[in-house]
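*Asks:* only geometry, no sequence info:
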DNA sequence: GCGATCCTGGCC
DNA sequence: GGCCAGGATCGC
């Protein structure tokens, strides 16, 4: 579900966790299969104070004093919610709950169980199987257009759509923002990297930055499930040019929107605008 | 590279 | 009942 702007919005909404001490970490029996070593997760987090909440691509890192981080990926349908005074019982499909010493609690619910939780020992993320596969964050201020091109060129056979979805090239884009960035760059999602010149790739890189920042500004995109850590919906849906608009015009009226399927996933684009 | 797979739920 | 869904991995 959540892509970079949603995860960033969640991160910002959970700043209240900083300075709180973890009392207990609970995982359900159905906690996602990729979850590694629940006992070790508990040992490294319980009794520790949250020092920072960071984001890398679509991953959230909850770092505690002592340096260990809980690394969370929300998959398609994961939600993180903080409640200071939990009054109602846990929602259906709750798979992780961290209770804090002052009674606040952070819970993760995920109907489809594509979420993952794991541990990183070292703030760099080296040694964490999930983080070590990631390319640079799509909004990393030190990432240059030249570096993006260089990384893209390693995958000449990929379509531009699949390039953007590949988290080892740059991390953070998902289906919505990949479609939107390609529209902004006026590039066809079907175009192969090898047929895309350097100016076009650099234009795509700029479009990615614009689209992701806009997503963050609006608090992310709520299609159905997404809410931030305080329960707020995102408003970016009202600004999407192509995503989900099969058979309609683009939001700005510059062309018609067509839906195609690439590698089992829907892509929306405007053939009149995107070449 | 591409297709199949992991899951549940919502909608037609 | 069938199709679709904001993701990622694995095997060919």
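*Replies:* Yes, it's here. Every value quoted in this text rests on a predicted model; they were computed, and no experiment measured them.
*Asks:* Contacts only, for whichever residue of the stretch 151-275 of chain A sits closest to DNA strand C.
*Replies:* Relative to DNA strand C, the nearest point of the stretch 151-275 of chain A is residue A:174 (1.8 Å; Cβ to the nearest atom of the strand). Quick note: C-beta positions are derived from backbone N, CA and C, even for glycine. Listed by Cβ atoms under 8 Å, 6 or more residues apart in numbering, the contact partners of residue A:174 are A:2-4, A:58, A:165.
*Asks:* roughly how far apart are it and DNA strand B?
*Replies:* 14 Å (Cβ to the nearest atom of the strand, to the nearest Å).
*Asks:* pLDDT value on that residue, please?
*Replies:* pLDDT recorded at residue A:174 is 98.
*Asks:* export the contacts of residue A:174 to JSON lines and tack on distance to residue A:267?
*Replies:* Compiled in JSON lines, those are given as follows (distance: Cβ to Cβ, whole Å):
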{"residue": "A:2", "distance to residue A:267": "19"}
{"residue": "A:3", "distance to residue A:267": "15"}
{"residue": "A:4", "distance to residue A:267": "18"}
{"residue": "A:58", "distance to residue A:267": "19"}
{"residue": "A:165", "distance to residue A:267": "10"}
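*Asks:* Kindly indicate which of those lies nearest DNA strand B.
*Replies:* The nearest member of the contacts of residue A:174 to DNA strand B, counting by Cβ to the nearest atom of the strand, is residue A:165 at 10.8 Å.
*Asks:* near DNA strand B, which residues of chain A show up?
*Replies:* For chain A, the residues in contact with DNA strand B (Cβ under 7 Å from any atom of the strand) are A:33, A:77, A:92-93, A:111-114, A:155-159, A:162, A:224, A:262-264.
*Asks:* What is the neighbour count of the nearest residue to residue A:178 once chain neighbours are set aside?
*Replies:* Once flanking residues are discounted, residue A:178 sits nearest to residue A:164: 3.9 Å by Cβ to Cβ, 6 or more residues apart in numbering. For residue A:164, the neighbour count with other Cβ atoms under 10 Å is 25.
*Asks:* List the contacts of residue A:164.
*Replies:* Applying Cβ under 8 Å, 6+ apart, we find residue A:164 in contact with A:170, A:173, A:177-178, A:181-182, A:208.
*Asks:* Which one of the residues you listed sits in the busiest neighbourhood?
*Replies:* Result: residue A:182 is most packed of these (other Cβ under 10 Å), 31 neighbours.
*Asks:* rewinding a little: could you export the contacts of residue A:174 as CSV, including secondary structure?
*Replies:* Converted to CSV, the contacts of residue A:174 look like this (DSSP: H, G, I helix; E, B strand; the rest coil):
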residue, secondary structure
A:2, coil
A:3, coil
A:4, helix
A:58, coil
A:165, helix
